[in-house]
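S.K.: quick check, what structure comes out for this input:
(one chain, ligands or ions: 2)
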Amino acid sequence: MDEQQRSTFLQSASRFPPPKGIKLYYGTAGFRTDASILQSTAFRIGILAALRSLKTGGAVIGLMITASHNKVSDNGVKVADPGGEMLTQDWEPFADSIANAPDPDSLIQLIDEFAKKEGIPLNGTKAAAILLGRDTRPSGESLVEAAKQGICSVNGAIAIDMGVVTTPQLHWMVRTRNKDLQASASELDYFDQVSTSFRCLIDLIPKTSYHGIGKLIVDCANGVGGEKLQVLKEKLSWLDVEIRNTGKQGILNEQVGADYVQKDKVAPQGFGGPDVGIRCASLDGDADRLVYFTIITKGNNQINLVDGDKILSLFALFIKDQLSILTDDTYEYQPRVGVVQTAYANGASTKYLKDLGLQVIFTPTGVKYLHEKAQEYDIGIYFEANGHGTILFSDHFLCWLEDRKSTEKCLEKKNAAKRLWAVSKLINQAVGDALSGLLLVEAILQHMGWSVDNWNELYHDLPSRQLKVKVADRTAIVTTNAETIVQKPPGIQEAITALTVKYPQGRCFVRPSGTEDVVRVYAEASTQEAADELASCVAKLVDQFLGFHI
Ligand SMILES: CC(=O)N[C@H]1[C@@H](OP(=O)(O)O)O[C@H](CO)[C@@H](O)[C@@H]1O
Ligand SMILES: [Mg+2]
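M.R.: Numbering: from 1, shown residues only. Ligands and ions are numbered 1, 2, ... in the order given. Below you'll find the model as predicted:
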């Protein structure tokens with residue numbers, strides 16, 4: 001690092017002192033905590049993003065200010081790599097160490113050492129570019145300013161502010177810019193691509209099987225998804241969508257949004273009696289999660305939840321159908337399809353997917369793991385039960401598809417190729433995206449002529465229960481086998497297994513959360529009472545082993 005760079009860092013870093021007595025971690029989805037203590041983190045991760053751009057030969061890197069489904073007073077900082085995916089895990093320890101550096105001198109020393117180790121030029125001879133985005137949180141603007149100061153303190157780096165966007169939009173822009181440096185990758189381009197490919201899927205529905213499927217009502221968590229869905233609605237004026245919880249009145253994520261609906265299994269605020277039986281959907285605060293639901297009866301807020309597992313199943317079924325039109329068993333090229341889930345996936349969904357003949361793979365919790373696994377396939381479909389997921393298509397498969405699309409003589413096959421092509425354009429290739437996911441669900445339901453109830457009948461969820469247990473030190477739990485088996489402390493797994501085998505169709509696992517200071521317990525069984533009982537017995541067990549006992 002030359003002297004000029006050192007003095008720029010010194011001056012700017014001294015304006016962003018870190019909070020005292022607090023340790024920050026780049027957790028499952030970036031730094032996330034009370035917004036009031038994030039200024040220095042945003043500044044420092046701005047520097048990291050610029051270094052990442054330099055390291056990747058000047059590729060555009062994304063920096064998103066969001067705390068997703070957390071309460072409105074929280075905020076967060078996360079980084080998107082050149083393909084639009086999450087920051088490489090190799091850099092997370094560096095993110096942790098610079099976020100916690102106590103003063104400018106130690107920060108500069110860490111940067112210097114890391115830049116040397118990684119061979120990153122810090123002399124201003126190379127260019128770096130960062131796209132910045134934020135959700136609708138009031139703290140977002142000043143955190144973006146702090147991140148800009150971090151970026152601009154690195155010689156040769158520029159910050160491009162995309163304003164208020166959904167998290168998946170920012171990831172899409174990063175990916176699109178890096179794929180084709182000449183391509184424009186504005187928000188308008190995102191809306192154009194998504195709406196055009198959706199329209200294409202609708203146009204490809206055989207006229208003989210077309211049925212209207214009625215109105216959709218969307219809960220936007222009082223977050224950024226509301227205004228963005230409104231843009232799509234205006235572009236697709238014939239689409240029957242009613243948009244609620246746009247943030248004009250209610251509070252972000254307060255009794256609204258995909259996380260609330262999925263975890264509590266109740267209707268969000270603003271929904272009630274008149275909506276009984278209507279197809280409804282919920283986005284989360286930064287619009288990267290999506291679940292569907294219907295309200296069962298008037299007078300209470302009980303719902304039938306259609307979660308991420310069922311969205312995954314619908315997508316997998318559609319893809320499989322189209323592929324089987326396109327290739328029979330004798331066809332020389334058989335695209336490899338992989339379905340990726342976590343241990344939180346309902347057992348009934350896994351059985352359904354396996355019965356369809358699909359390969360199902362499990363990874364630890366966190367989309368960075370699922371995404372990585374899905375990239376190993378020609379078509380990799382991944383979803384967390386909470387509604388975060390997408391479909392990834394390999395370049396090889398897309399080349400093949402493009403060829404089939406233009407050379408295929410049989411109209412039915414040509415249309416199947418066109419549909420899969422449209423899906424690859426509609427569904428976000430960078431990260432789970434509630435808006436594009438919602439349009440794909442709508443297109444498939446229309447294609448099938450299915451109501452939300454037809455869809456929900458694909459399989460019946462096994463009753464399940466999730467609990468949280470506060471313990472003295474959650475890192476004492478070490479798991480293996482995609483988090484389904486506890487290795488440490490000794491003895492606890494045997495005790496969990498002994499309890500689980502008592503329940504028909506019982507399945508239970510525990511793991512330390514990567515976003516909260518708790519141990520999560522998940523149990524499934526053939527009845528709700530049994531699932532509740534198993535979860536509560538195992539929660540007691542966790543408390544016995546790890547609770548605050550003197
Ligand atoms: C059971 C559950 O829903 N866990 C969530 C939650 O992670 P935990 O590590 O379980 O706290 O937040 C993650 C980030 O949003 C998400 O990827 C994950 O699925
Ligand atoms: Mg989110």
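
S.K.: which one is residue 452 nearest to, not counting chain neighbours?
M.R.: Of all residues not flanking residue 452 in the chain, residue 279 sits nearest, at 4.2 Å (CB to CB, 6 or more residues apart in numbering). Quick note: C-beta positions are derived from backbone N, CA and C, even for glycine.

S.K.: residues contacting that neighbour?
M.R.: By CB atoms under 8 Å, 6 or more residues apart in numbering, the residues touching residue 279 are 213-217, 292, 294, 445, 451-452.

S.K.: swap in residue 336?
M.R.: Here residue 336 is in contact with 359, 377-379 (CB under 8 Å, 6+ apart).

S.K.: repeat that for 10 Å
M.R.: 359, 376-380, 394, 397 (CB atoms under 10 Å, 6 or more residues apart in numbering).

S.K.: just give the number of residues close to the closest residue to ligand 2 within the stretch 101-250 of the chain.
M.R.: Residue nearest to ligand 2 within the stretch 101-250 of the chain (CB to the ion): residue 167, separated by 6.1 Å. Neighbours of residue 167 under the rule other CB atoms under 10 Å: 32.

S.K.: and the residue nearest to it when sequence neighbours are not counted, what's its pLDDT?
M.R.: Nearest non-adjacent residue to residue 167, counting by CB to CB, 6+ apart: residue 286, 4.3 Å away. pLDDT, residue 286: 98.

S.K.: now residue 474
M.R.: pLDDT at residue 474 comes out at 92.

S.K.: number of nearby residues for it?
M.R.: 20.

S.K.: touching, it and residue 489? I think so.
M.R.: No: the criterion here is CB atoms under 10 Å, and residue 474 misses it with residue 489 at 11.9 Å.

S.K.: identify the contacts common to those two.
M.R.: In contact with both residue 474 and residue 489: residue 546, using CB under 10 Å, 6+ apart.

S.K.: any idea which helix or strand carries residue 511?
M.R.: Secondary structure assigned from DSSP states H and E places residue 511 in strand 507-512.

S.K.: which one is the closest residue to ligand 1 within the stretch 201-350 of the chain nearest to, not counting chain neighbours?
M.R.: Closest to ligand 1 within the stretch 201-350 of the chain is residue 344: 5.0 Å, counting by CB to the nearest ligand atom. Excluding its sequence neighbours, the residue lying closest to residue 344 (CB to CB, 6+ apart) is residue 385, at 4.6 Å.

S.K.: for that neighbour, which three-state class applies?
M.R.: Assigned with DSSP: H, G, I helix; E, B strand; the rest coil, residue 385 falls in the coil class.

S.K.: what pLDDT does it get?
M.R.: Note on residue 385: pLDDT of 97.

S.K.: now whatever residue of the chain ends up closest to ligand 2: how far from ligand 1?
M.R.: Relative to ligand 2, the nearest point of the chain is residue 68 (3.1 Å; CB to the ion). Residue 68 sits 6 Å away from ligand 1, going by CB to the nearest ligand atom, to the nearest Å.

S.K.: that residue touches residue 225, doesn't it?
M.R.: No: taking CB under 10 Å as the definition, residue 68 is not a contact partner of residue 225, at 11.4 Å.

S.K.: before we move on, back to that, the residue nearest to residue 167 against residue 74, yeah?
M.R.: No: between residue 286 and residue 74 there is no contact under CB under 10 Å: 11.8 Å.
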